[in-house]
Structure formats: C-alpha cells, structure tokens
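**Student:** based on what follows, work out the 3D shape:
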Amino acid sequence: MSSNYRAQAGLAIHGPGPWRNRGQLTPAPSGRRWWARILDAIFVLFCTGTVVGVAIALAGINIISLDAATGAALASYPLMALVFGALYGCTVSPGQALCGVVSLKHSGRRVGFWRGMWSYLGVALFPITIVLLIWTFFDAPTFDLDPVDVYYRRSPQVW
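**Tutor:** The predicted structure follows:
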C-alpha cells in the first residue's frame with residue numbers, strides 16, 4: 001500500500017480514518033486512549049514488581065546473590081517498558097486491546113517496532129528525570145560551598 005493511498009482513494013487529509021478489515025476506522029475518544037495508556041502503565045509496573053519480587057525471594061533463599069537480585073530489579077523496569085513498547089509498535093498493547101483501540105500512523109500502518117520502543121522508554125524514564133531534576137535543585141546549595149573566583153594572571157600596573 002502506498003503512503004499516498006488516502007489521496008488515491010479520494011479521502012481528505014483529515015477525513016475518515018484508515019480502512020481495516022473492510023471497514024473504516026473512526027478516531028477513538030480521548031478517554032479510551034488515556035485508559036489504554038493507564039492500563040499499560042499498570043501492566044508495566046505489575047510485571048516489574050513481579051520480577052523484583054521473584055528476584056528478592058530468590059536472594060532470600062540464597063539461590064542468587066543479592067547483587068544479582070539488585071541488577072534484576074534495576075533492569076526490569078526499562079526492560080518491561082521496552083517489551084510493552086514493542087507490543088505497542090508491532091501489534092497492540094494489552095491496554096489498547098482491553099480498551100478496543102489501536103494506534104496507527106496517519107498512513108494507516110502500524111507505529112513500528114523502534115518507534116514504539118523509544119516512545120515507551122521515553123515515557124517510562126520521564127518521571128525518573130523529573131525526580132533527578134528536583135533532587136539536584138534541592139541539593140544544589142552543597143555544590144557552592146567552595147565558590148570560584150576569577151583573578152588577573154598578573155597584578156595590574158599602576159600608572
């Protein structure tokens with residue numbers, strides 16, 4: 001299907017949506033889109049919590065070391081964000097499936113593997129960025145305990 005199929009079909013740029021299963025798709029209301037995102041976030045957090053819980057339990061009964069459990073706990077959140085991003089980009093995410101919506105490009109094609117993964121990873125790491133920014137803001141006075149002064153290299157000449 002060409003990227004210009006909407007113009008070939010005589011559809012306006014902002015007209016009805018793409019065709020799927022011999023039917024025209026209508027835009028989903030914003031409430032369903034937001035609920036799909038919220039459900040995806042809950043799924044990511046639940047899966048992350050499951051991996052962290054299993055890692056801590058395995059460390060508690062001395063099957064794996066505490067360092068390995070910590071590594072699994074730290075890696076599980078970005079990994080789950082990437083997995084759900086891949087589902088979003090290639091097929092449909094679980095939240096979208098439950099809400100009955102699908103994300104498509106304007107041309108009617110899927111979002112794509114890499115775009116979906118980067119989108120979910122960016123959304124997943126955004127709160128961490130905000131927390132680090134706030135932490136730096138409140139911790140900033142400790143950086144200025146030894147102020148920097150600027151001096152001439154030579155003493156100024158007196159006339």
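**Student:** list the contacts of the nearest residue to Val101 once chain neighbours are set aside.
**Tutor:** In space, and not counting its chain neighbours, Val101 is closest to Ala28: 4.3 Å by Cβ to Cβ, 6 or more residues apart in numbering. In short, each C-beta sits where N, CA and C put it, glycine included. Ala28 sits next to 99-101 when contact means Cβ atoms under 8 Å, 6 or more residues apart in numbering.
**Student:** which one of those is nearest Ala55?
**Tutor:** Cys99 (31.0 Å; Cβ to Cβ).
**Student:** check the residue nearest to Val101 and give its pLDDT.
**Tutor:** For Ala28, the pLDDT comes out at 83.
**Student:** how distant is stretch 105-125 from the center of its chain?
**Tutor:** Stretch 105-125 sits 9 Å away from the centroid of its parent chain (Cα atoms, centre = their mean, to the nearest Å).
**Student:** now do that stretch, average pLDDT.
**Tutor:** Stretch 105-125 comes out at a mean pLDDT of 85.
**Student:** now that stretch: buried residues?
**Tutor:** Judged by neighbour count using 16 or more other Cβ atoms under 10 Å, the buried positions of stretch 105-125 are 110-111, 116-117, 119-121, 124.
**Student:** and these, which is closest to Ser76?
**Tutor:** Using Cβ to Cβ, Ala124 is the member of the buried residues of stretch 105-125 that lies nearest Ser76, at 11.3 Å.
**Student:** did I read that right, that closest one in a helix?
**Tutor:** Yes. Counting by DSSP: H, G, I helix; E, B strand; the rest coil, Ala124 is located in a helix.
**Student:** now it, nearest residue through space, not along the chain?
**Tutor:** Nearest one to Ala124, counting by Cβ to Cβ, 6+ apart, is Ala81 at 3.6 Å.
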